[in-house]
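Colleague: With the input below, show me the fold.
(one chain, ligands or ions: 1)
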Amino acid sequence: MNVGSGSERRRYPIRPAQADDYDTIIDVWRRAGLAISTTGRESRQAFDLQLSQFSGLYLVATAEDRIVGTVLGTHDQRKGWINRLAVVPQYRRRGIAAALALACDAAIRAEGIEIVAALIEPDNLSSIALFEKLGYLADVPARYFRKRSRTDI
Ligand SMILES: CC(C)(COP(=O)(O)OP(=O)(O)OC[C@H]1O[C@@H](n2cnc3c(N)ncnc32)[C@H](O)[C@@H]1OP(=O)(O)O)[C@@H](O)C(=O)NCCC(=O)NCCS
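Modeller: The predicted structure is shown next:
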């Protein structure tokens, strides 16, 4: 699987996210077109708490020291999850998301988790193509049910 040459990997180094990356990460998500819940699970306070639990799984890719891509890995001991994989538009199709997903997957597995999954909306064709390229198999279609405690999260 070719997800970018060695020189590309050196151009876009991946490092663990830090608490003071919060504003930039939110900005990257905005530029990537993701819906953001800064009053709930993506508030600064929530981010800090999550970072303390998943410090090695929250990763950012950089270009000349600026964050251009993100991935948030989590796990519940049974299964790992790749969330918030995003790259700003100007830096797409350079293998950055693939490198982030692979790094996150490896970091989750290093914690003893043997299944890593991602939830992708059916019309997100670029993301589907990416995970297929990385060897993830689409499981049986499922409906995603949720119950929110508040409407602003
Ligand atoms: C999905 C996303 C993260 C991909 O980022 P990226 O850095 O451009 O992806 P990569 O360059 O690593 O792509 C790796 C492979 O994925 C596939 N892929 C990525 N974008 C694609 C697109 N727009 N169309 C078709 N295939 C695509 C290709 O197979 C690509 O390999 P190739 O360039 O050698 O053909 C980016 O488009 C994005 O931020 N989208 C908005 C946020 C989002 O939807 N995130 C996913 C939530 S699950």
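
Colleague: Near the ligand, which residues of the protein are found?
Modeller: 32-34, 85-87, 92-98, 118, 120, 124, 126-127, 129-130, 133 (C-beta under 6 Å from any ligand atom). Yep, even glycine has a C-beta here, placed from its N, CA and C like the rest.

Colleague: PyMOL command to pick out the buried ones of these?
Modeller: To isolate the buried subset of the residues of the chain next to the ligand in PyMOL, counting by 16 or more other C-beta atoms under 10 Å, use the following:
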select buried, resi 32+85+86+87+94+95+96+97+98+118+120+127+130
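
Colleague: Among the residues of the chain next to the ligand, which lie within helices?
Modeller: Those of those mapping onto helices are Ala32, Ile96, Ala97, Ala98, Ser126, Ser127, Ala129, Leu130, Lys133, per DSSP state H.

Colleague: where exactly do the helices run in the chain?
Modeller: 6-11, 22-32, 44-53, 96-109, 125-133.

Colleague: burial count for Asp65?
Modeller: 6 (other C-beta atoms under 10 Å).

Colleague: Distance to Asp139 and pLDDT added to the ones in helices among the residues of the chain next to the ligand, as CSV?
Modeller: Output for those, formatted as CSV (distance: C-beta to C-beta, whole Å; pLDDT from 0 to 100):
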residue, distance to Asp139, pLDDT
Ala32, 25, 98
Ile96, 26, 98
Ala97, 21, 98
Ala98, 20, 98
Ser126, 19, 98
Ser127, 15, 98
Ala129, 17, 98
Leu130, 16, 98
Lys133, 17, 98
